[in-house]
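*Asks:* Structure for the following, please:
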Amino acid sequence: MSATVSLSPEILAKYQPVIGLEVHVQLLTESKAFCGCVNKYGGEPNTHVCPTCLGLPGALPVLNRRAVEFAVLAAKAIHCEIRETSIFARKNYFYPDNPKGYQISQFDKPIAENGWLDVPEGDGSTGILKRIGITRLHMEEDAGKSIHDGFADSVTRTYIDLNRCGTPLVEIVSEPDLRSADEVFEYLTRLKEILLYTGVSDCNMEEGSLRCDANVSVMLKGAKEFGTKAEVKNVNSFRYIRSAVEHEIERQIGVIEGGGRVKQESRLWNNGEGRTYSMRSKEEAHDYRYFPEPDLPPLIVGADWQAEILKALPELPEPRRARLIAEFGISAQDAATFTATRAFADQFESAAKRAKSPRRVASLLTSEITMRLRAAAGYREGSNHESPISEDGLVLAADLAESGELSSKMLKDLLDKAFANREDFTSVYERDKPQQISETGVIEGLIDEVIAANPKQVEQFRGGKRTVAAFFVGQVMKASKGQANPAVLNELVIKKLDAV
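*Replies:* The predicted structure follows:
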């Protein structure tokens, strides 16, 4: 056994991590890949099955056309080349949740190859984008599920649910181009974002719709050959994947520095303990005895069919971000927030086209509305589907704020009421619209009182610190209970201070 080594920054800096990812994505078709069984998560165990997905003698597979279309959409979205003729193969292995004894997959002739994704290099601090190669995207069917807990006799028994057997998958295999856990996180985040935009999968990691295996190795910087890799399997969140990769990099460096040898093996991540542990050795490559699936003809996706499929390809997140910035003048950060999901981007863009100020719409969505949504149970980042504020309500709120008819406090109060009562902003505004004070004499009187009460700030203004005017605006707004017209107030505060 190798000695435990303290990994100083200097030791860590000697090594270069090398990481490649295998991502399995369940396709959002109504039926399974090769039979008519419903493709739906859950249900009573072993009820979404038939002779075909159970591999019973004489049952023949029939390829799901929609699964092919989704595979092509996903492949083109990650810049892959589509192979006009691809071949299905039998991948032979025995496991309890694989009743056929083989998996229908693709081997030497996958449906798509040679793609790429751009991700921020390193920890993203340089602003440089790095291109990660994608070796292939191939189609296959999922296996069933082994259940090791949740039953009284789980210590001695494993239960099998075959409902997932035959669910259509694509496996997306990257080149070993990733060099840090941060790059892994960014790659997966952008890949998931793209897949959600295309609508080919819901990418729900908790339900197993998106699963990732990371092949991790380390080598001395400047070395020409990669080190021995370990495969970290079945981590169920991107945050955990980043932690697992970080740990695995340090573990392997520690083994080498301690005089040991990294084993080629599969490892599982234990989030509670913050470490990976050995699952099984992979010193000997599995012989899956691939051969062409005899019950399925070659899959031909010709140019005409490809063109028809690609009509459904939407504008993807990266070009959409650039367009939103150019068209609506919003910040890069806001554009990234909106394009996190297609629905959120659609919501912003539709409202921005109608409102007087797209930036005001952006501000409302990313601050006032998102803040209130985050306070609600079950909120998911980038999702505003639980908001009671309609597009009409959003545009009205933005326009009233932009014109100065509503002060910031008035707007906040109305939004609070809308969320508390689950009402649209338009209804709340019509019923509870505040009476704004716009009379010059009334506002001047309030300004005079505030100036008289704050001689120190007056002297600061007279000394050249003109930004202190905001203090007086805030004090008058407080005195008016948020009802002073902001435009009138700002003008009169400067006028009064200049005259002091």
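
*Asks:* can you list the domain ranges for the protein.
*Replies:* Partitioning the chain according to automatic domain parsing yields domains covering residues 9-305, 317-432, 440-499.

*Asks:* Need the ones you listed in JSON lines (columns: mean pLDDT, mean neighbour count and distance to Lys311).
*Replies:* Yep, even glycine has a C-beta here, placed from its N, CA and C like the rest. JSON lines is the format used below for those (pLDDT from 0 to 100; neighbours: other C-beta atoms under 10 Å; distance: least, C-beta to C-beta, whole Å):
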{"stretch": "domain 9-305", "mean pLDDT": "93", "mean neighbour count": "18", "distance to Lys311": "10"}
{"stretch": "domain 317-432", "mean pLDDT": "90", "mean neighbour count": "18", "distance to Lys311": "16"}
{"stretch": "domain 440-499", "mean pLDDT": "86", "mean neighbour count": "16", "distance to Lys311": "48"}
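
*Asks:* Looking at the chain, which helix is longest?
*Replies:* Counting by DSSP state H, the longest helix found in the chain is helix 238-257.

*Asks:* Who are the packing partners of whichever helix or strand comes after it?
*Replies:* The helix or strand immediately downstream of helix 238-257 is strand 265-270, counting by DSSP states H and E. The contact analysis (3 or more C-beta pairs under 8 Å, 6 or more residues apart in numbering; DSSP states H and E) places strand 265-270 against strand 230-235, helix 238-257, strand 275-281.

*Asks:* With distance to Lys76 as extra columns, can I get those in CSV?
*Replies:* Putting those into CSV (distance: least, C-beta to C-beta, whole Å) gives the following:
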stretch, distance to Lys76
strand 230-235, 28
helix 238-257, 24
strand 275-281, 35
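
*Asks:* Now do the phi/psi pair for Cys53.
*Replies:* phi -80, psi -10 (degrees, to the nearest 10).

*Asks:* For it, which non-adjacent residue is spatially closest?
*Replies:* Closest residue to Cys53 apart from its sequence neighbours, by C-beta to C-beta, 6 or more residues apart in numbering: Gly166 at 3.5 Å.

*Asks:* still on that earlier bit, who's in contact with the longest helix of the chain?
*Replies:* Outside helix 238-257, the residues that touch it by C-beta atoms under 8 Å, 6 or more residues apart in numbering are 2, 4-5, 7, 11-12, 15, 17, 19, 181-182, 184-185, 188-189, 192, 205, 212, 214, 216-218, 227, 230, 232, 235, 261-262, 267, 269, 271, 274-276.

*Asks:* and the residue nearest to Cys53, what is it in contact with?
*Replies:* Contact analysis of Gly166 by C-beta under 8 Å, 6+ apart lists Lys32, Ala33, Phe34, Cys35, Cys37, Thr52, Cys53, Glu141, Asp142.

*Asks:* so which strand or helix has Thr135?
*Replies:* Using DSSP H and E, Thr135 sits in strand 129-141.

*Asks:* ok, back up a step: specify which member of the contacts of Gly166 is nearest to Phe70.
*Replies:* Of all the contacts of Gly166, the one with the least separation from Phe70 (C-beta to C-beta) is Ala33, at 10.7 Å.

*Asks:* Please name the bridge partners of Ile19.
*Replies:* Here Ile19 sits in beta bridges with Leu178, Val216, as judged by DSSP bridges.

*Asks:* Distance check, it against Met219.
*Replies:* 12 Å (C-beta to C-beta, to the nearest Å).

*Asks:* just to revisit the earlier point, in the contacts of Gly166, find the pair that's most separated.
*Replies:* Pairwise distances across these peak at 13.8 Å for Thr52 and Asp142 (criterion: C-beta to C-beta).

*Asks:* before we move on, the earlier item: taking strand 265-270 as reference, get the angle to the longest helix of the chain.
*Replies:* Compare the direction of helix 238-257 with that of strand 265-270 by axes from the mean of the first three to the mean of the last three C-alpha atoms, to 10 degrees and you get 130 degrees.

*Asks:* from the chain's centre, how far out does helix 238-257 sit?
*Replies:* Taking the mean of its C-alpha atoms, helix 238-257 sits 22 Å from the chain's own mean (C-alpha atoms, centre = their mean, to the nearest Å).

*Asks:* Give me the angle between it and strand 230-235.
*Replies:* 160 degrees.

*Asks:* what angle separates helix 238-257 from strand 275-281?
*Replies:* Using the same axes, to 10 degrees, the direction of helix 238-257 lies 80 degrees away from that of strand 275-281.

*Asks:* could you dump helix 238-257 to CSV, C-alpha only?
*Replies:* Below are the C-alpha coordinates for helix 238-257, written out as CSV (Å, rounded to 0.1, in the frame of the first residue of the first chain):
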residue,chain,number,x,y,z
PHE,A,238,-23.2,18.4,-11.8
ARG,A,239,-22.1,19.8,-8.5
TYR,A,240,-21.3,16.3,-7.3
ILE,A,241,-19.5,15.4,-10.5
ARG,A,242,-17.2,18.4,-10.1
SER,A,243,-16.5,17.3,-6.5
ALA,A,244,-15.9,13.7,-7.6
VAL,A,245,-13.5,14.7,-10.3
GLU,A,246,-11.6,17.1,-8.0
HIS,A,247,-11.3,14.3,-5.4
GLU,A,248,-10.3,11.7,-8.0
ILE,A,249,-7.6,13.9,-9.4
GLU,A,250,-6.1,14.4,-5.9
ARG,A,251,-6.5,10.7,-5.1
GLN,A,252,-4.5,9.6,-8.1
ILE,A,253,-1.8,12.2,-7.6
GLY,A,254,-1.5,11.0,-4.0
VAL,A,255,-1.2,7.4,-5.1
ILE,A,256,1.6,8.2,-7.6
GLU,A,257,3.4,10.5,-5.2
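
*Asks:* Next one: Val493 from Gly464, what distance?
*Replies:* Per C-beta to C-beta, Val493 is found 17 Å from Gly464.
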